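1. Okay, here's the prediction I keep looking at, along with the sequence it came from:
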Amino acid sequence: MADYNLPEENRYSKDDEWIRLEDDRFVVGVTDYAQQQLGDVVFVELPDVGSRYEVGQAYGVIESVKAVSDLYSPISGEIVEVNGDLEEAPESVNEDCYGVGWLIKISPDDPSAGKALMDASAYLAYIDERSDD
Amino acid sequence: MTELARTPLFEAHVELGARMVEFAGFSMPVQYTSIKQEHAAVRERAGLFDVSHMGQIHFRGPRAVTTVERLVSCRVDSLAVGRVRYGLLCNDGGGCVDDVTVYREADDALFLCVNAANIAKDVEWIRRHAPDRAGVEDRSTATGLLALQGPACAALLQALAKEGNATPVGELGRFRFARYEVAASDCLVSRTGYTGADGFEIYTPAGATRTVWDALLAVGEPHGLTPAGLGARDTLRLEAALPLYGHELDDTTSPLEAGLGRFVKRKRGGFIGHEAIEARDRKGATRQLIGFEMEGRGIARAGYGIADRDQEVGVVTSGAPSPTLGKSIGLGYVPPRLAEPGRAIDIVIRDKRVAARVVETPFV
């Protein structure tokens, strides 16, 4: 069983993304589990700043050498910033998924939306549950 | 779900921490560490692949050569003992049943190495068309196969292989093979591969595959040898523009459309599918396999459309980022008028058209 880095201060979605509150916005990225499952990330397609997404709606695409995966919004809100550096350095998602490998920043419709997501221990249990298959 | 088949190296892959995926009914390693790293290891040093899922169909007896001659698109009568040739098994419509390598082991003994996904189909096809069924034997499960690929391979294998009366393994020519004792096991070693790199394919008795694998990894470590999975195998073969059955080739594709005319005895004929291949060619091909490079941002994937002006005119059969070139590349079928290198085309990625250009292959 692989080890996953799951910082306690983050919340986690069932689509394997993390969110972290910074001032009045949420920073969003993919989890350590997700980047390990994907393998070498080679391409990230992110939405336009100003566009709106509902929770669960696809906002972008992340591609590894082998696979194409949709990115689903963990909360509803407006995109206020995207990580443009990933265009040149998509491998940042593998190297530092909670830091320079972040994906988008969302201004949430509901500032308490994060509470609906899992904490680190619930998310770890959710990973384990799926690897039993 | 049916139980996946395992190669003799299944436990070895799990012990190495490989990510296992289903491929052609087998549980196979797609990567051990990273596709990019495994790819680079093969281009720069050496990689070791388990390809034991592939099939081996043997032909023996006085009619072996004439039987295989009639089954495959390449010449067999002129294939000397100890040599390998690439060819296609074609159907009556000129499509490809499979793409294979033909090994001439003796005057009256040959075998075909075939794709894992096609073993059952090939065996059925061959038994139906072989006049001497008793001389045909499927030895796929009794045979393990390792692919040792990359520039450091010759030196590495030389340290392990005892040649007896054969040529020293490092001096074995391209598309030649001989028997060697590798890690105390009797193996058939062939200077062939599916990566575009120099390298060897090592056929072992299934019971000895693990011993040979372990010995190669141990001897190879100081040479930078790394185990490599199907992910790197796919990006390597794509850079070399080698076709993958089920992508560039299928039961409807003519070898000529796939750019494989040099592996077809076009004048001599005498194999199943020859008349249909030539008839289709006289009528004029409707599609041609091309290589392309992305110019806009994006990665072409199998199944994406290829467009010219406002029309979708073709389809991508394989695509990936090329670790060697640092560009996104692909193969696909287009009408022959668009097949000229330099021609601008678009790849339709998630309903968006992204610029690409037809290029010469191989890519590296």
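-> Here it is on my side, so go on.

2. Next, the residue nearest to B:Ile35 when sequence neighbours are not counted: secondary structure please.
-> Leaving aside its sequence neighbours, B:Ile35 sits nearest to B:Gly231 (CB to CB, 6 or more residues apart in numbering or on different chains; 3.9 Å). Yep, even glycine has a C-beta here, placed from its N, CA and C like the rest. What DSSP: H, G, I helix; E, B strand; the rest coil gives for B:Gly231 is helix.

3. B:Gly231 and B:Met28 touch, don't they?
-> No: if you go by CB atoms under 8 Å, B:Gly231 and B:Met28 don't touch, sitting 10.1 Å apart.

4. rewinding a little: which residues does the residue nearest to B:Ile35 contact?
-> Residues near B:Gly231 by CB atoms under 8 Å, 6 or more residues apart in numbering or on different chains: A:Gly39, A:Val65, A:Lys66, B:Val30, B:Gln31, B:Ile35, B:Glu38.

5. Could I get the residues you listed in CSV, plus columns for secondary structure?
-> Output for the contacts of B:Gly231, formatted as CSV (three-state DSSP):
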residue, secondary structure
A:Gly39, coil
A:Val65, coil
A:Lys66, coil
B:Val30, strand
B:Gln31, strand
B:Ile35, helix
B:Glu38, helix
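
6. Name the weakest-confidence residue in those, if you would.
-> Among these, A:Lys66 carries the lowest pLDDT, at 89.

7. That one contacts A:Gly39, correct?
-> Yes: the criterion here is CB under 8 Å, and A:Lys66 meets it with A:Gly39 at 6.7 Å.

8. Common neighbours of those two, please.
-> With CB under 8 Å, 6+ apart as the test, A:Lys66 and A:Gly39 both reach B:Ile35, B:Gly231.

9. Measure how buried B:Val313 is and give me the count.
-> For B:Val313, the neighbour count with other CB atoms under 10 Å in any protein chain shown is 17.

10. Can you tell me which residues in chain A are near chain B?
-> By CB under 8 Å from any CB of the partner chain, the residues of chain A that approach chain B are A:Gly39, A:Asp40, A:Val42, A:Phe43, A:Glu45, A:Val61, A:Glu63, A:Ser64, A:Val65, A:Lys66, A:Val68, A:Glu87.

11. Quick one: residues contacting the third one.
-> Taking CB under 8 Å, 6+ apart as the contact definition, A:Val42 lies against A:Glu63, A:Ser64, A:Val65, A:Pro90, A:Glu91, B:Ile299, B:Pro321.

12. Excluding covalently adjacent residues, which one is nearest to it?
-> Distances taken as CB to CB, 6+ apart put B:Pro321 closest to A:Val42, at 4.5 Å, once the chain neighbours are dropped.

13. what does A:Tyr72 give?
-> A:Asp15 (4.2 Å).

14. The residue nearest to A:Val42: which element?
-> Per DSSP states H and E: B:Pro321 is located in strand B:311-322.

15. Convert the C-alpha atoms of whichever helix or strand comes after that strand to CSV, please.
-> As assigned by DSSP H and E, the chain's next helix or strand after strand B:311-322 is strand B:327-334. Extracted in CSV, the C-alpha atoms of strand B:327-334 (Å, rounded to 0.1, in the frame of the first residue of the first chain):
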residue,chain,number,x,y,z
LYS,B,327,6.5,17.4,-28.6
SER,B,328,3.2,15.8,-29.0
ILE,B,329,3.1,13.3,-31.9
GLY,B,330,0.7,10.9,-33.4
LEU,B,331,-0.3,8.5,-36.2
GLY,B,332,-3.5,8.5,-38.1
TYR,B,333,-5.4,7.9,-41.4
VAL,B,334,-6.2,10.6,-43.9
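
16. Which neighbours in the sheet does the next helix or strand after strand B:327-334 have, and how are they oriented?
-> Later in the chain than strand B:327-334, the nearest helix or strand by DSSP H and E is strand B:344-349. When pairing is defined by DSSP bridges, strand B:344-349 lines up against strand B:305-308 (antiparallel), strand B:352-359 (antiparallel).

17. B:Gly326 is nearest to which of those strands?
-> Comparison of the strands paired with strand B:344-349 against B:Gly326 by CB to CB identifies strand B:352-359 as nearest, at 14.6 Å.

18. got the residue ranges for the helices in chain A?
-> For chain A, applying DSSP state H gives helices covering A:32-38, A:92-95, A:120-131.

19. Report the mean confidence score over the shortest one.
-> When pLDDT is averaged over helix A:92-95, the result is 98.

20. next one: the longest one
-> Summarised as a single mean, pLDDT over helix A:120-131 is 94.

21. Tell me what B:Phe292 is bridged to.
-> Beta bridges link B:Phe292 to B:Gly330, B:Val358, judged by DSSP bridges.

22. Surely it and B:Gly332 touch.
-> Yes: with contact defined as CB under 8 Å, B:Phe292 and B:Gly332 form a contacting pair (6.7 Å).

23. what sits in contact with each of the two?
-> By CB under 8 Å, 6+ apart, B:Phe292 and B:Gly332 have these common neighbours: B:Ala300, B:Ile306.

24. can you redo the contacts of B:Gly231 as TSV with distance to B:Ala184 and neighbour count?
-> Listed next are the contacts of B:Gly231 as TSV, based on distance: CB to CB, whole Å; neighbours: other CB atoms under 10 Å in any protein chain shown:
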residue	distance to B:Ala184	neighbour count
A:Gly39	36	20
A:Val65	37	24
A:Lys66	37	20
B:Val30	31	22
B:Gln31	30	26
B:Ile35	33	28
B:Glu38	28	26
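
25. B:Pro131 sits in which helix or strand?
-> In the assignment (DSSP H and E), B:Pro131 maps to no helix and no strand.

26. Find me the pLDDT at B:Met1, would you?
-> Reading off the model, B:Met1 has pLDDT 54.

27. which non-adjacent residue is nearest A:Lys127?
-> In this structure residue A:127 is Ile, not Lys. A:Tyr33 (5.3 Å).

28. Model confidence at that neighbour, what's the number?
-> You'll see A:Tyr33 listed with a pLDDT of 97.

29. helices and strands around the helix or strand of chain B with the lowest mean pLDDT, which ones?
-> Of all the helices and strands that make up chain B, strand B:161-162 has the lowest average by mean pLDDT, DSSP states H and E, namely a mean of 89. Applying 3 or more CB pairs under 8 Å, 6 or more residues apart in numbering or on different chains; DSSP states H and E, one finds that strand B:161-162 contacts strand B:177-182.
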